[in-house]
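> Test case, fold it:
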Amino acid sequence: MPSAALHTDIASSGWIARLPPKARAYAQLMRLDRPVGIWLLFLPGLCGILLPAGPSWRQRAVLAALFAIGSVVMRGAGCVVNDMWDRDIDAQVARTAGRPLASGRLQMREAAILLAVLLALGLAILLMLNPLCWALGVFSLFLVGLYPLAKRVTWWPQLVMGFTFGFGAPMGYAASAGRIDAAALALYAATIAWQLGYDTIYGFQDMEDDALIGVKSTSRLFAHAPRRFVGACYAAAIAAFALAGWCAGLGIWFWLVLLLPTAGLALQAARVDPRNAPLCLRLFRRNREVGLLLAVAIGLGRV
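Next comes the predicted model:
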């Protein structure tokens with residue numbers, strides 16, 4: 001069985017290897033070498049943009065472009081904050097020991113400058129949206145700062161991650177509809193449950209090291225029943241996605257296409273194995289396709 005101690009998801013080949021050492025360190029600090037996280041931040045926002053009736057497809061396309069750029073920027077900012085909090089912990093975990101701050105390739109001052117630049121870019125994008133989004137965007141910064149602390153005080157940091165990463169869903173809905181209503185809240189609940197499931201799968205990679213250094217997680221808490229817990233999270237997510245579609249009055253194509261991500265999530269839950277870190281990483285990455293199918297389902301249901 002593959003060992004987590006020999007496993008890392010830090011990319012060291014491909015385009016990232018052709019960058020100068022300092023630029024490579026900044027890119028890895030922002031996790032640009034692992035774009036799946038950008039997708040997983042962007043797709044809930046895209047679902048939120050597509051869900052409400054009213055806006056034209058041109059308006060939705062403009063919002064989707066802004067959210068795509070914002071996802072790159074704010075995911076990078078979140079990773080910088082996380083690594084600034086966790087640099088000492090990361091140095092003790094096999095999968096994260098090579099991160100730029102943990103390994104000493106970047107200093108805290110350099111990370112702080114990058115964070116300031118990213119937050120300024122994020123603010124510029126936020127100001128292009130409506131005032132409701134301004135208020136939501138300010139609140140989202142609180143969640144971004146809170147997440148790295150959660151693993152030190154609770155067994156449920158993945159739930160905090162769900163509230164944080166899933167915040168794009170109500171943001172996208174507010175940007176598109178100019179309001180928050182039952183459909184938006186159902187979509188947010190769905191995204192939280194979905195991300196609780198897949199981030200628990202992701203956390204299975206670190207359980208041995210986390211146990212040694214005392215880091216808490218739902219991955220450790222439910223390691224004795226991983227398939228039941230992940231399956232319950234995914235079942236709740238699909239139920240809430242269905243509720244969001246019903247509240248928004250989506251058409252028949254939403255219900256038909258929703259069967260595809262439902263099957264994909266069921267397969268993940270059936271296959272997850274905490275002892276197999278590479279498998280857990282592959283299953284986690286497949287949530288990009290799940291999110292794309294969810295967005296397609298909502299888009300077709302809105303046609």
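
> contacts for the helix or strand bottoming out on mean pLDDT in the chain?
Every helix and strand of the chain was ranked by mean pLDDT, DSSP states H and E. The lowest is helix 207-213, at a mean of 80. With C-beta atoms under 8 Å, 6 or more residues apart in numbering as the test, helix 207-213 has contacts from 4-5, 89, 92-95, 203, 215-217, 219-220, 223, 274. Glycine gets a C-beta too; all of them are placed from N, C-alpha and C.

> Tell me which other helices or strands the helix or strand that it is followed by touches.
Downstream of helix 207-213, the next assigned helix or strand under DSSP states H and E is helix 218-221. If contacts are counted by 3 or more C-beta pairs under 8 Å, 6 or more residues apart in numbering; DSSP states H and E, helix 218-221 sits against helix 157-165, helix 182-203, helix 207-213.

> Columns distance to residue 75 on top of the ones you listed, output as CSV?
Shown next, in CSV, are the helices and strands packed on helix 218-221 (distance: least, C-beta to C-beta, whole Å):
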stretch, distance to residue 75
helix 157-165, 9
helix 182-203, 13
helix 207-213, 23
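
> Compare those helices and give me the one nearest residue 234.
Residue 234 sits nearest to helix 182-203 of all the helices and strands packed on helix 218-221, at 4.9 Å, using C-beta to C-beta.

> Flag every buried residue along the closest one.
By neighbour count with 16 or more other C-beta atoms under 10 Å, helix 182-203 contains the buried residues 183-203.

> Ok, stretch 268-287 next?
Buried residues in stretch 268-287, counted by 16+ other C-beta under 10 Å: 268-269, 271-272, 274, 276-277, 279-281, 283-287.

> which of these lies closest to residue 249?
Comparing the buried residues of stretch 268-287 against residue 249 with C-beta to C-beta places residue 287 closest, at 26.7 Å.

> Once you drop chain neighbours, what's closest to that closest one?
Nearest-residue entry for residue 287: residue 198, 4.6 Å, with adjacent residues in sequence omitted and distances by C-beta to C-beta, 6 or more residues apart in numbering.

> Against residue 165, how distant is the one you found?
Distance check for residue 198 against residue 165: by C-beta to C-beta, to the nearest Å, it reads 10 Å.

> re the thing from before, now the least confident helix or strand of the chain: buried residues?
207-210.

> hang on, the earlier thing: could you identify the least confident member of the contacts of helix 207-213?
Lowest pLDDT among those: residue 4, with 41.

> Provide a list of residue ranges in the chain with pLDDT below threshold.
1-13 (pLDDT under 70).

> Do a quick rundown of the strands in it.
In the chain, no strands are defined using DSSP state E.

> Looking at it, which helix is longest?
Under DSSP state H, the helix in the chain containing the largest number of residues is helix 57-90.

> So which other helices or strands are in contact with it?
For helix 57-90, the packing partners by 3+ C-beta pairs under 8 Å, 6+ apart come out as helix 21-29, helix 36-50, helix 100-103, helix 108-126, helix 131-153, helix 168-177.

> Which positions in it come out as buried?
60, 63-64, 66-67, 70-83, 85-87, 89-90.

> can you check stretch 15-25 too?
16, 24-25.

> related to what we said a few turns ago, so among the contacts of helix 207-213, which ones count as buried?
By neighbour count, with 16+ other C-beta under 10 Å, the contacts of helix 207-213 hold 4, 89, 93-95, 203, 215-217, 219-220, 223, 274 as buried.

> can you list these in a markdown table and add distance to residue 297?
Listed next are these as a markdown table, based on distance: C-beta to C-beta, whole Å:
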| residue | distance to residue 297 |
| --- | --- |
| 4 | 34 |
| 89 | 38 |
| 93 | 37 |
| 94 | 38 |
| 95 | 33 |
| 203 | 27 |
| 215 | 36 |
| 216 | 35 |
| 217 | 30 |
| 219 | 29 |
| 220 | 33 |
| 223 | 32 |
| 274 | 30 |
